[in-house]
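Visitor: from the sequence below, what's the structure:
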Amino acid sequence: MFRNLDAITDLVGVIILIAVIAVVIGSVGITFLSGISKDTTPAVLISHELVEDESGKYLYLKNEGGDTLYREATIIIVNGEEATSSFKTLSDEDWSLLESSDEIRMAWNRPEIPFVAILSNQNPDNPTVIYMDENAGVVPTQTSTHTPTQTLTPTPTITIPPVADFIGYPLSGKTILSVDFTDLSTGSPTSWFWNFGDNSTSNAQNPLHNYTEAGNYTVSLTVTNAGGSDIEIKTGYINVTLSFVDYIINENVFVYGYQLEFEGGTVTGSGSTIVVKGGGITTEDLNGGASLSASNIYIDGPVYLDGGSANLGSEEYPGVIAVNGDVTLWSGDREVYGDLYVNGDFAIKDANIHGDVYVNGNLELGWTPSFDSASNIYYTGTITHPGYYPQNILDRCIKVDSVTVIDMPDYEIPSAKTSDWYTSREYMSGGTLSDGLKIYADSYSSSGWISSAENVVIVAANGDISLTDLGDSFVTGILFAPNGKVTFDGGGATFEGVVIAKNGFFVISGGTNVVFRNLSDYISDSDNYPF
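Guide: Presented below is the predicted three-dimensional model:
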């Protein structure tokens with residue numbers, strides 16, 4: 001029994017002597033006393049051969065004599081690839097021991113001759129070669145003789161596969177988001193393959209990548225060296241949200257600010273979005289009967305409409321009406337198009353509901369709303385209504401544990417750009433409304449009738465924009481007041497375009513119409529967007 005280093009040394013001497021005798025007199029069966037611990041590097045004679053018969057082609061390994069090989073402490077490499085688990089016993093079961101005279105085999109369906117190396121993995125940082133033969137050949141029948149081979153050449157350098165790892169910075173932000181990726185892989189990789197999750201890849205070690213669209217992106221890194229490869233996958237690693245200007249364009253926003261007061265006729269914007277970030281909306285804000293015909297309406301505050309007939313939502317392209325506060329739709333025969341989400345209590349009397357209503361609070365019913373055939377109200381709180389209330393309406397009011405709460409857009413209105421930026425693009429500091437006018441000033445005011453002023457861009461960097469006494473004038477373009485409000489007073493005038501104003505958009509005369517147009521309808525080159 002070999003129990004110490006001296007015994008192993010003696011064994012190696014015996015192996016050398018036997019190998020010499022084998023060269024002189026031919027194949028000799030060699031049997032060793034086995035019993036060395038699996039925690040000790042084994043001394044063993046191994047043979048291998050490639051056998052091809054009617055059942056297929058197999059690569060055989062045989063313990064010709066010496067210590068037992070333990071699978072958990074052994075690495076078998078075939079043609080540079082680890083194949084330990086590919087070998088099976090002759091009864092096609094997983095192997096655990098390879099004792100003297102035992103054989104294991106693996107199916108071989110490749111055209112090349114196999115190169116076999118067997119390592120002892122007792123020291124993972126420095127595996128020891130216990131067998132290697134570079135002169136493998138094809139043996140055509142099962143009757144060939146196993147030839148023991150003992151390799152006593154110097155231990156070759158074995159390359160350990162790398163372990164992939166990386167970080168990125170920043171991990172979240174607005175479009176366009178530039179992320180620096182840093183390779184942290186160990187094991188000296190020699191090549192890198194990045195997949196950024198947006199159909200873009202790179203072979204650089206430490207790439208910089210730009211994310212141009214909003215979304216959550218999974219990133220992977222595959223690293224390779226002569227010993228193999230490894231992959232690190234980070235799911236949902238990068239979070240990109242729209243920049244303000246991309247949000248305005250992609251969501252078809254044409255009114256964005258902290259207040260909306262509309263005493264005109266109709267706000268028309270099928271497929272468009274209105275965002276009111278504070279203060280809510282009342283009956284007086286909509287002149288009783290004005291309509292907000294936008295597909296998507298976000299109101300960060302309560303809505304109280306009692307009287308008049310102001311409609312909400314687009315009949316042609318209904319979307320989402322989201323209110324962060326209580327909603328009261330009481331007196332007034334008004335239409336509500338699209339799904340209404342109320343993060344608060346909901347009171348309804350005369351309104352006509354054309355979508356579903358989701359109430360994160362209590363529900364109050366008056367005499368009496370109407371519903372489309374597929375419309376319902378889902379509420380989480382309590383319900384109150386007059387006595388003898390119609391059962392067909394109560395059947396549409398469904399108590400639930402929870403409802404979806406729509407997040408309000410949280411984009412801060414950006415500041416104006418530098419004066420040099422506007423000057424270089426031929427913006428003026430003032431002037432009368434006219435076609436193609438581009439204004440950059442602290443504030444801007446124009447009063448009086450004009451026939452039309454199309455494709456105007458007015459930027460009031462620190463104050464208000466006021467277009468008043470316009471009569472039946474026709475104005476189109478972009479009105480941007482990042483620190484003020486926009487007032488449009490026409491008495492029959494029409495404005496088409498986009499209004500971005502921190503302190504709100506005020507249309508203060510009856511008969512005025514406002515029509516949505518996308519920002520990109522007026523400026524095609526994103527480098528020229530005025531904010």
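Visitor: which parts of stretch 297-308 are buried?
Guide: 297-305, 308 (16 or more other Cβ atoms under 10 Å). Bear in mind the C-beta positions are built from the backbone N, C-alpha and C, glycine included.
Visitor: verify the stated contact: residue 128 with residue 119.
Guide: Yes: using Cβ atoms under 8 Å, residue 128 is in contact with residue 119, at 6.4 Å.
Visitor: these two: which is more packed in?
Guide: Per other Cβ atoms under 10 Å, whichever of residue 128 and residue 119 has more neighbours is residue 119, with 21 against 14.
Visitor: run through the bridge partners of that one.
Guide: Bridge pairing for residue 119 (DSSP bridges) gives the partners residue 75, residue 129.
Visitor: pull the contacting residues for it.
Guide: 74-77, 127-130, 158 (Cβ atoms under 8 Å, 6 or more residues apart in numbering).
Visitor: so how far is residue 449 from it?
Guide: Taking Cβ to Cβ, to the nearest Å as the measure, residue 119 falls 92 Å from residue 449.
Visitor: does residue 445 sit in a helix, a strand or a coil?
Guide: strand (DSSP: H, G, I helix; E, B strand; the rest coil).
Visitor: ranges for the helices of the stretch 301-450 of the chain?
Guide: Using DSSP state H, counting those that start in this stretch, the helices assigned to the stretch 301-450 of the chain run over residues 391-394, 419-423.
Visitor: could those helices go into JSON lines alongside mean neighbour count?
Guide: Formatted as JSON lines, these follow (neighbours: other Cβ atoms under 10 Å):
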{"stretch": "helix 391-394", "mean neighbour count": "12"}
{"stretch": "helix 419-423", "mean neighbour count": "13"}
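Visitor: got a markdown table for those helices, with distance to residue 456 and mean pLDDT too?
Guide: Listed next are the helices of the stretch 301-450 of the chain as a markdown table, based on distance: least, Cβ to Cβ, whole Å; pLDDT from 0 to 100:
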| stretch | distance to residue 456 | mean pLDDT |
| --- | --- | --- |
| helix 391-394 | 49 | 96 |
| helix 419-423 | 14 | 96 |
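Visitor: touching, residue 215 and residue 198? I think so.
Guide: Yes: counting by Cβ under 8 Å, residue 215 touches residue 198, with 7.5 Å between them.
Visitor: and the helices in this structure?
Guide: Using DSSP state H, the helices of the chain run over 5-25, 244-250, 391-394, 419-423.
Visitor: which of these has the lowest mean pLDDT?
Guide: Looking over the helices of the chain, mean pLDDT reaches its minimum on helix 5-25, with a mean of 34.
Visitor: residue contacts, the nearest residue to residue 244 once chain neighbours are set aside?
Guide: Nearest residue to residue 244 in three dimensions, chain neighbours excluded: residue 411, at 4.8 Å (Cβ to Cβ, 6 or more residues apart in numbering). The contact partners of residue 411, by Cβ under 8 Å, 6+ apart, come to 244, 247, 256.
Visitor: any idea which of the residues you listed has the most stuff around it?
Guide: residue 256 leads the contacts of residue 411 on contacts (other Cβ under 10 Å) with 27 neighbours.
Visitor: check contacts around that one.
Guide: 248, 274-275, 277, 411, 413, 499-501.
Visitor: any idea how far it lies from residue 408?
Guide: Distance of residue 256 to residue 408, computed by Cβ to Cβ: 12 Å.
Visitor: find the residues that touch each one of the two.
Guide: With Cβ under 8 Å, 6+ apart as the test, residue 256 and residue 408 both reach residue 277.
Visitor: so the residue positioned nearest the centre of the chain bridges to which residues?
Guide: For the chain, the residue nearest the mean C-alpha position is residue 216 (1.4 Å; Cα atoms, centre = their mean). Per DSSP bridges, the residues bridged to residue 216 are residue 239.
Visitor: hmm, back to that, switch the contacts of residue 119 over to TSV; also include pLDDT.
Guide: Below are these laid out as TSV (pLDDT from 0 to 100):
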residue	pLDDT
74	89
75	89
76	90
77	88
127	76
128	80
129	83
130	85
158	74
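Visitor: whichever of the residues you listed end up buried, select them in ChimeraX.
Guide: In ChimeraX syntax, the buried subset of these is picked out as below (16+ other Cβ under 10 Å):
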select :74,75,76,77,127,129,130
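Visitor: which among the contacts of residue 119 gets closest to residue 441?
Guide: Of all these, residue 441 sits closest to residue 158, with 73.4 Å by Cβ to Cβ.
Visitor: can I assume the closest one is in contact with residue 129?
Guide: Yes: if you go by Cβ under 8 Å, residue 158 and residue 129 touch, sitting 7.5 Å apart.
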